[in-house]
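Asks: Here is a sequence with its predicted model. Questions after.
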Amino acid sequence: MTIQSADARIEELVGQLPNSDQPDGESKFTGPKWEVVEKMCAEILAGGREKILALVGLLRDPSRERWTSFRAEYLLHAIALHVGVQERRAERRLFVETLASLIGGDAASKAVQARLIAELQVTGGRGAFDALGNALLDEELCEPAAQALLANRRGAAERVRAAFAKASGKCRATLAQALGVLADAESVGALIAVLGDANREVRTCAAWALARTGDARAIDGVLKATASDDGWESTQAVKAALLLAEKLAAAGAKGDAVRIYTHLRERFSDPKEKYIRDAAERGLAAAK
Amino acid sequence: MPRRTRDFTRRRFVQGAAGALAALTVVPRRVLGAGETPPSETVGGALIGCGGRGGGTFNEMRDLNPRQLALCDVKWVGEADNKTRYTDFRRVLDRKDIDVVAIATPPHWHALISIAAMEAGKDVLCEKPMTRFIAEGRAVAEAEKRYGRVFQVGTFGRFGESRNPQRILTRKIMRSGLLKECKGVHVIGGGFKVKEWSGLVNTKPQPVPKNLDWDMYCGPAPLRPYHPHRFGGTHRGYWDYEGGGLTDMGQHHLDPVTWIYGKDDTAPVTVEAYAPPAHPEACGMWGWAELTYADGFTLVLGSGEWGEPYTRKQGRGVDLNDLPEEDRAKVEAMPDPEPLLSFAQAVRARKPAGGNAEAAHRTATLMHLTNIAIRVGRKIKFDPVKEEIIGDPEADRLVNQPMRAPWHL
């Protein structure tokens, strides 16, 4: 995969956009009115994949040189917004699939790929699922790829779940958290398994994710985490326990909720922990 | 309303803070009210985020006379002693001798630190704007209830309005349920500092200063290359951290409006904005926005800084003549609203403050909905109960934005 080489018409369109307030220095920018930009978006999309690739080819890596391609970036973002109108399904599919084809590989730098992924987060779209799923194990792209997948919710869990099974390092916490956002019931076993992970961030993300699933199998692990000597971890585990109890009670599993609340009420006896006992008491009253 | 104190410098603040740390101001146990047992006989306070608004925000808790025990800022790498000066707010919240926390970080941290503080049993006074996006506000309100803590946002315009007889009457009319079709139009023209708090679009990344924990600064926001314009006040110009002048000034302008018109527990159902297409990272210009509630009440925000002015409707108040004669007496017979409690009064009484999380969240929602309409370039429909945008998935994704792990609501 290569990005399209220079396209005179695309460069002309980008050149029609206003410059920044002070073209010779770092400065602010005001775009033209929507009706002007809409015409540009429509023309580029009508030109198909090649024209979109030509526009992407004008993006530059901000970490390597002075970023003077902000107008191309601006126009690309405008297209992402333009295809968000529900009636423009075909244009959205074209745009999403074209950007997704540049994720992975070395056709674009990682910084530019991250920019493209950010636009896929704006648009959503199943056409990017495979590319984003593959990026979940890339340390540099894991975070934006997870966020872009989460924009879709439906269908994203399968990709996140698959990557979580192989993830290490920073990606592991990111994916545990993503499973929590998705409240993925099929990941309960995998999340319980990492409650003993060596990394605190993985453990706290997993406890929160388990709470979000509202699955009673998580109770023992989450309550155990409340006894952590690490104040932050203990506090976050209490939060997870209260959230889990609320979910269980709402689902009718009041006995499980009572078990959690009772544990918290008995476990936290310090005078400064009265607010936790009070929270547990309120939960108990509501669960009965 | 609190404003930036122009002659307030960081050095002066730190000197003052050091003095406060040295002081031993003993406050009787009774200030915390019945049922609250502090570990000490004093109210321990902490300030998280010690930049421009830090001192002023901590000072808003002055009626509690808190003893300032800890200061925290991500720009103190190598200077922090983890006894009185910290770079990681989590270590501050671990301290059991701290009862109240003032938060004056950039707004992308407001909700997370407010929630974490309440989870740690602290009461919170948080600088405005309360949040960076709508779902954060709901999460703060849930934490306030779950943990029985006090939250007050750092703007106070509603307190004065709540003592004004004419404003009280307007609120009673709006809350009476007797107004079948509200013709009220409230116009706020200017004062949003739109251009001033816009972001730069063509910056060159720079090395991270040695004293700054840039990863912690970015926190839940994307980890971008460092640039000084993203830090230290000008952060307001980036979607990652705030939402431009609209978000920065909006809570001041709109907090009284939500009280006067009785909109503390609901939100508009449609929002339309007039603006050029937005930049993906930098906040920019806009002309006006029209927000309409289910009862017909219309709120108009005009920037006066871009494009043609708003001309659809004229400002119009709400008064008793909008009601049939038989209903006017019913409104006049209604009891006045309960006086709003200051942060200190709320902490003592263990009751919600006047600028509590739900009310502050509903005000912040006005800024966030407007920014969403600006960012997608379309009229949006909002469900005030589910707090979702209807029929526009792109726009709805901005209601609850993903956070960088391990930070979550």
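Replies: Received, thanks. Numbers count the residues shown, from 1 in each chain, chains lettered A, B, ... in the order given.
Asks: Tell me where the stretch 51-200 of chain A has helices.
Replies: A:70-82, A:89-100, A:110-123, A:129-135, A:142-150, A:156-164, A:170-182, A:188-193, A:200-213 (DSSP state H, counting those that start in this stretch).
Asks: could you dump the ones you listed to a markdown table with mean pLDDT?
Replies: Output for the helices of the stretch 51-200 of chain A, formatted as a markdown table (pLDDT from 0 to 100):
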| stretch | mean pLDDT |
| --- | --- |
| helix A:70-82 | 96 |
| helix A:89-100 | 97 |
| helix A:110-123 | 95 |
| helix A:129-135 | 95 |
| helix A:142-150 | 96 |
| helix A:156-164 | 96 |
| helix A:170-182 | 96 |
| helix A:188-193 | 98 |
| helix A:200-213 | 98 |
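Asks: can you redo these as a markdown table with distance to chain B and mean neighbour count?
Replies: All C-beta atoms are positioned from the backbone trio N, CA, C, and that covers glycine. Putting the helices of the stretch 51-200 of chain A into a markdown table (distance: least, Cβ to the nearest Cβ, whole Å; neighbours: other Cβ atoms under 10 Å in any protein chain shown) gives the following:
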| stretch | distance to chain B | mean neighbour count |
| --- | --- | --- |
| helix A:70-82 | 4 | 24 |
| helix A:89-100 | 10 | 19 |
| helix A:110-123 | 6 | 22 |
| helix A:129-135 | 13 | 21 |
| helix A:142-150 | 4 | 27 |
| helix A:156-164 | 11 | 21 |
| helix A:170-182 | 4 | 26 |
| helix A:188-193 | 14 | 17 |
| helix A:200-213 | 4 | 26 |
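Asks: okay if I get these as a markdown table plus distance to residue B:73?
Replies: Listed next are the helices of the stretch 51-200 of chain A as a markdown table, based on distance: least, Cβ to Cβ, whole Å:
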| stretch | distance to residue B:73 |
| --- | --- |
| helix A:70-82 | 31 |
| helix A:89-100 | 39 |
| helix A:110-123 | 28 |
| helix A:129-135 | 34 |
| helix A:142-150 | 25 |
| helix A:156-164 | 35 |
| helix A:170-182 | 25 |
| helix A:188-193 | 34 |
| helix A:200-213 | 22 |
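Asks: Tell me how far the lengthiest helix in chain B lies from the chain's centre.
Replies: Ranked by number of residues, the top helix in chain B under DSSP state H is helix B:357-376. Taking Cα atoms, centre = their mean, to the nearest Å, one finds the center of helix B:357-376 at 10 Å from the center of the full chain.
Asks: So what angle separates the directions of that helix and helix A:70-82?
Replies: Counting by axes from the mean of the first three to the mean of the last three Cα atoms, to 10 degrees, helix B:357-376 lies at 110 degrees to helix A:70-82.
Asks: I would like the residues contacting the helix or strand following helix B:357-376, please.
Replies: Moving toward the C-terminus from helix B:357-376, the next helix or strand (DSSP states H and E) is strand B:380-383. Contact with strand B:380-383 is made by B:267-272, B:369, B:372-373, B:388-392, B:395, as judged by Cβ atoms under 8 Å, 6 or more residues apart in numbering or on different chains.
Asks: any chance you could map the helices in chain B?
Replies: B:10-22, B:54-59, B:89-93, B:110-119, B:134-147, B:157-161, B:165-175, B:214-218, B:244-260, B:325-333, B:343-349, B:357-376, B:393-396.
Asks: Mean pLDDT and distance to chain A added to those, as CSV?
Replies: Shown next, in CSV, are these (pLDDT from 0 to 100; distance: least, Cβ to the nearest Cβ, whole Å):
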stretch, mean pLDDT, distance to chain A
helix B:10-22, 39, 21
helix B:54-59, 91, 21
helix B:89-93, 98, 4
helix B:110-119, 98, 5
helix B:134-147, 98, 6
helix B:157-161, 95, 26
helix B:165-175, 97, 28
helix B:214-218, 98, 11
helix B:244-260, 97, 11
helix B:325-333, 95, 35
helix B:343-349, 96, 13
helix B:357-376, 98, 6
helix B:393-396, 95, 4
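Asks: ok, for residue A:272, nearest residue in space, not its chain neighbours?
Replies: residue B:96 (4.6 Å; Cβ to Cβ, 6 or more residues apart in numbering or on different chains).
Asks: you'd agree residue B:175 is up against residue B:262?
Replies: Yes: shown here, residue B:175 and residue B:262 form a contact pair, counting by Cβ atoms under 8 Å, at 4.2 Å.
Asks: neighbour-wise, which of those two wins?
Replies: Between residue B:175 and residue B:262, residue B:262 has the larger neighbour count (other Cβ atoms under 10 Å in any protein chain shown), namely 21 against 17.
Asks: And the pLDDT for the more buried one?
Replies: pLDDT for residue B:262: 97.
Asks: for residue A:64, same thing?
Replies: At residue A:64, pLDDT is 64.
Asks: Quick check: the spatially most central residue of chain B vs residue A:222, distance?
Replies: In chain B, the C-alpha nearest the mean C-alpha coordinate belongs to residue B:130, at 2.2 Å (Cα atoms, centre = their mean). Look at residue B:130 and residue A:222: by Cβ to Cβ, to the nearest Å, they are 29 Å apart.
Asks: cool, and residue B:223?
Replies: Taken as Cβ to Cβ, the span from residue B:223 to residue A:222 is 29 Å.
Asks: Neighbour count for these two, which is higher?
Replies: residue A:222 (26 against 15).
Asks: My guess is that one contacts residue A:239. True?
Replies: No: counting by Cβ under 8 Å, residue A:222 does not reach residue A:239; the two are 9.8 Å apart.
Asks: residues near residue 265, how many?
Replies: Just going to use chain A. Neighbours around residue A:265, by other Cβ under 10 Å: 17.
Asks: um, chain B though
Replies: 12.
Asks: list the contacts for residue B:362?
Replies: By Cβ under 8 Å, 6+ apart, the neighbours of residue B:362 are B:137, B:258, B:263, B:264, B:265, B:266, B:267.
Asks: So which residues on the stretch 151-300 of chain B come close to chain A?
Replies: Listed as neighbours of chain A in the stretch 151-300 of chain B under the rule Cβ under 8 Å from any Cβ of the partner chain: B:195, B:198-205, B:222-223, B:225, B:229, B:237, B:276-280, B:282, B:284-285.
Asks: Emit the PyMOL select command for whichever of these are buried.
Replies: To isolate the buried members of these in PyMOL, using 16 or more other Cβ atoms under 10 Å in any protein chain shown:
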select buried, chain B and resi 195+198+199+200+201+202+203+205+222+225+229+237+276+277+278+279+280+282+284+285
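Asks: Narrow the residues of the stretch 151-300 of chain B next to chain A to those in strands?
Replies: Of these, none are assigned to strands by DSSP state E.
Asks: Which residue does the stretch 1-150 of chain B have closest to chain A?
Replies: Distances between the stretch 1-150 of chain B and chain A by Cβ to the nearest Cβ are smallest at residue B:94, namely 3.6 Å.
Asks: buried residues in the helix or strand hosting residue A:233?
Replies: Using DSSP H and E, residue A:233 falls within helix A:231-250. Within helix A:231-250, the residues scored as buried using 16+ other Cβ under 10 Å are A:232-249.
Asks: Can you narrow these down to the ones near chain B?
Replies: A:232, A:235, A:236, A:238, A:239, A:242.
Asks: from the residues you listed, which is closest to residue B:123?
Replies: residue A:235 (15.7 Å; Cβ to Cβ).
Asks: Not counting sequence-adjacent ones, nearest residue to the residue nearest the centre of chain A?
Replies: Against the mean C-alpha coordinate of chain A, by Cα atoms, centre = their mean, the closest residue is residue A:147 at 1.4 Å. Nearest residue to residue A:147, sequence neighbours excluded (Cβ to Cβ, 6+ apart): residue B:402, at 4.0 Å.
Asks: Could you do residue B:282 as well?
Replies: Nearest to residue B:282 is residue B:199, by Cβ to Cβ, 6+ apart, at 3.0 Å.
Asks: next one: residue B:250
Replies: Nearest one to residue B:250, counting by Cβ to Cβ, 6+ apart, is residue B:367 at 3.7 Å.
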